[in-house]
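Undergrad: sharing a model prediction with you, sequence too.
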Amino acid sequence: MVTSPIENQNLTLVEQSQRHQQKSAKNFSLRNYPTVLPKTPLFGTDGIRGRAGELLSADLALQVGFWAGKVLQEEASAPGPVVMGQDSRNSGDMLAMALAAGLTSAGLEVWNLGLCTTPGVAYLTAATEAIGGVMISASHNPPEDNGIKFFSSIGAKLSAVLQKKIEEGLRGFAGNPFATNTWGKHYSRPELIADYIKSLHSPLKSVTDLRGMRIVLDLAWGACVQIAEPVFAELGAEVICLHNQPDGDRINVNCGSTHLDILSAAVQEHSADIGFAFDGDADRVLAVDGQGRVVDGDYILYFWGQTLRQAGKLPGDLIVATVMANLGFERAWQQLGGNFMRTKVGDQYVQAQMLETGAMLGGEQSGHILCHHYSFTGDGLLTALHIASLVRQSGVPLTKLVDQSFQTYPQLLHNVRVEDRERRLHWEECDALKNAIAQGQSAMGDQGRILVRASGTEPVIRVMVEAATTELVQEWTSQLVTVVEQNLVVA
C-alpha cells in the first residue's frame with residue numbers, strides 16, 4: 001500500500017525513517033542495478049578500463065570497491081587502510097567517491113591522496129600499513145576513458161587470481177551486499193606524496209648531480225604535473241616543462257608518451273640535452289635525444305641494462321622484454337653476452353617472468369620499465385631520473401649513446417578501432433585474418449615477423465609488422481589492416 005503525504009504527516013520521524021529503510025531494503029538489489037557487466041572478463045591487462053559513464057560508472061565503481069575491499073581483507077594478515085589516488089581526468093572524482101563508498105561499506109579505511117601518479121600509489125601502499133592500493137586512471141588513453149587498478153600490500157599489481165575473485169563477487173551475488181553495521185572511514189592524505197618524492201631521490205642524490213643539464217619534460221596534463229619539475233630541479237637540472245597543469249579535458253591529447261612531436265621540437269628549440277614524455281598516470285616514460293630522435297623502452301632497457309651489468313647488479317645478465325621488443329635490440333644485447341627473454345605484451349607478464357626467473361630489469365618498448373632494485377611497479381619518473389643520471393655519469397651525450405648502441409629493424413604498429421568487445425577479444429576466431437597472418441609470415445620468412453593482438457587497455461586491434469626492409473613492413477601492415485577492417489569493424 002502506498003502511503004500518502006497526508007498519512008506521512010501523522011507518522012513520527014522515527015516511523016517515517018523505519019518505513020523508508022524498509023522500502024529501500026525491499027527495492028535494493030544487485031539485480032536491479034543499472035550496471036550491465038560485459039560477458040567477457042572485466043579485468044584486462046591493466047585493471048578495468050573503459051569509457052567513463054558507460055562501463056566505468058559510479059554503480060560499477062561502488063560494487064568494485066566493495067568486493068575489492070572484501071578480497072583485500074581476506075588476504076590481509078592484519079587490518080589496515082587502502083591507499084587511493086587518481087590522475088586529472090574529469091571523471092576521476094566521480095569514480096573516487098564511488099570506490100571510497102564501496103571500500104568503506106566493506107569496513108575499510110580509505111587514505112585518499114588526490115592527484116597522484118600510479119607508482120606513487122604503489123609505493124605508498126608498500127611503505128605504509130596499507131593492505132592494498134587503488135589507482136583511478138586510464139594511463140595513456142584519451143580523456144573520455146578511465147580505469148581502476150588495484151595493488152597488493154607490497155605495491156605490486158593485484159594478481160589475476162585476486163582480480164578474478166573480485167569479479168566473481170560482482171557477478172555471483174544477488175541481494176544487498178552492503179547490509180552491514182561496520183563502516184570504514186575516509187581521510188584525505190595528500191601530505192603522504194612527499195614521502196614518495198623522497199624515495200625517488202634517495203638512490204640518486206648522493207651520486208647524481210644534474211647541474212648543467214637542460215631537460216624538457218612533457219607532463220601530458222596528467223598525474224605528475226605537481227611533482228616532476230621539483231624532482232629534477234632538486235638534483236640541479238635546468239627544467240623546461242610542457243603541458244604542466246592538471247587538465248582533465250586535455251590529458252594525453254596530442255602530448256605525452258604517445259605523441260612525441262612537440263617534445264622533440266622543444267628539445268631542439270631549447271638545445272636541451274634530453275627530453276622525457278610521461279603518460280597520464282606517469283607509470284611509463286619515453287625519451288628524446290638532443291637531435292629530437294625518439295629513445296623508446298628498448299633503448300632505455302639497453303642503456304640501463306649495461307649500467308647494471310657493469311655494476312654486477314644484473315643477475316644472469318638477463319633482460320625481460322615483450323614480443324613487441326625490436327629484433328635489433330635483442331640481437332645487440334645477445335652480442336654483448338646478455339640473455340634475453342620475451343613475454344606477452346603487458347607489464348604484468350613482464351613482472352611475473354621477472355619474479356619467476358629472478359631478473360632485476362624488464363619492461364616494454366612503450367616505456368613501462370621495471371627495475372626491482374628500486375620498485376615493483378613501472379615508474380616513469382624513477383626511470384627518467386636514472387636515465388638522466390647514467391647519461392651524466394657516462395660523460396657522453398645521449399645522442400652519441402644512441403649512435404653507439406644498435407640499429408633497429410623497421411617496425412610499424414597500426415591500431416584499428418574495433419568497438420565490438422566480443423569481436424575484438426575473440427579476433428583469433430576470424431579465419432580471414434588468421435590466413436592473412438600465415439601468408440605474410442610465410443612470405444617474409446626469417447626476414448620479418450607479425451604480431452596481431454587485441455589491446456588490453458583500449459578498444460583496438462594492434463597490428464605490428466617488423467621486417468628487414470621498410471617495403472615489406474608497409475606492404476604487410478597495409479594488407480593486414482585491411483583484413484581487420486573488413487572482417488572485424490562493424491559498419
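TA: Structure's in. What do you need?
Undergrad: let me see the domain layout of this protein.
TA: Following automatic domain parsing, one finds the domains of the chain at 1-25, 33-191, 202-403, 411-488.
Undergrad: in CSV: the ones you listed, plus mean neighbour count and mean pLDDT.
TA: Heads up, the C-betas are built off the backbone N, CA and C, glycines and all. Rendered in CSV, the data for the domains of the chain read as follows (neighbours: other Cβ atoms under 10 Å; pLDDT from 0 to 100):
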stretch, mean neighbour count, mean pLDDT
domain 1-25, 10, 42
domain 33-191, 20, 92
domain 202-403, 20, 95
domain 411-488, 17, 91
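Undergrad: elements contacting the host helix or strand of I240?
TA: Using DSSP states H and E, the element containing I240 is strand 238-242. In terms of contacts (3 or more Cβ pairs under 8 Å, 6 or more residues apart in numbering; DSSP states H and E), strand 238-242 is packed against strand 214-218, helix 228-233, helix 261-269.
Undergrad: at 6 Å what do you get?
TA: strand 214-218, helix 228-233 (3 or more Cβ pairs under 6 Å, 6 or more residues apart in numbering; DSSP states H and E).
Undergrad: R462 is nearest to which of these?
TA: Ranking those by their distance to R462 (criterion: Cβ to Cβ) puts strand 214-218 first, at 23.1 Å.
Undergrad: partner strands of that closest one, with direction?
TA: strand 238-242 (parallel), strand 274-278 (parallel) (DSSP bridges).
Undergrad: how close does the spatially most central residue of the chain sit to D283?
TA: Nearest residue to the geometric centre of the chain (Cα atoms, centre = their mean): S139, 4.9 Å. Here S139 is placed at a distance of 7 Å from D283 (Cβ to Cβ, to the nearest Å).
Undergrad: give me the beta-bridge partners of the nearest residue to T125 once chain neighbours are set aside?
TA: Among residues not flanking T125 along the chain, G133 sits closest, at 3.4 Å (Cβ to Cβ, 6 or more residues apart in numbering). Per DSSP bridges, the residues bridged to G133 are V83, F151.
Undergrad: correct me if wrong: G133 contacts L124.
TA: No: assessed by Cβ atoms under 6 Å, G133 is found out of contact with L124, at 7.2 Å.
Undergrad: now Y123. Its backbone dihedrals?
TA: Phi and psi for Y123, reported as degrees, to the nearest 10, are phi -60, psi -50.
Undergrad: how close does it sit to F376?
TA: For Y123 relative to F376 (Cβ to Cβ), the value is 9 Å.
Undergrad: and the host helix or strand of G102, what does it pack onto?
TA: Using DSSP H and E, G102 sits in helix 92-105. Packed against helix 92-105, as judged by 3+ Cβ pairs under 6 Å, 6+ apart, are the following elements: helix 58-75, strand 82-86, strand 132-136.
Undergrad: next, the angle from the second one to helix 58-75.
TA: Using axes from the mean of the first three to the mean of the last three Cα atoms, to 10 degrees, the inter-axis angle of strand 82-86 relative to helix 58-75 is 150 degrees.
Undergrad: the strands in the stretch 301-450 of the chain, which residues?
TA: Secondary structure of the stretch 301-450 of the chain (DSSP state E, counting those that start in this stretch): strands at 318-322, 339-343, 361-363, 369-371, 411-417, 448-454.
Undergrad: before we move on, back to that, let me have the helices and strands packed on helix 92-105 in TSV, extended by distance to E422.
TA: Output for the helices and strands packed on helix 92-105, formatted as TSV (distance: least, Cβ to Cβ, whole Å):
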stretch	distance to E422
helix 58-75	19
strand 82-86	30
strand 132-136	26
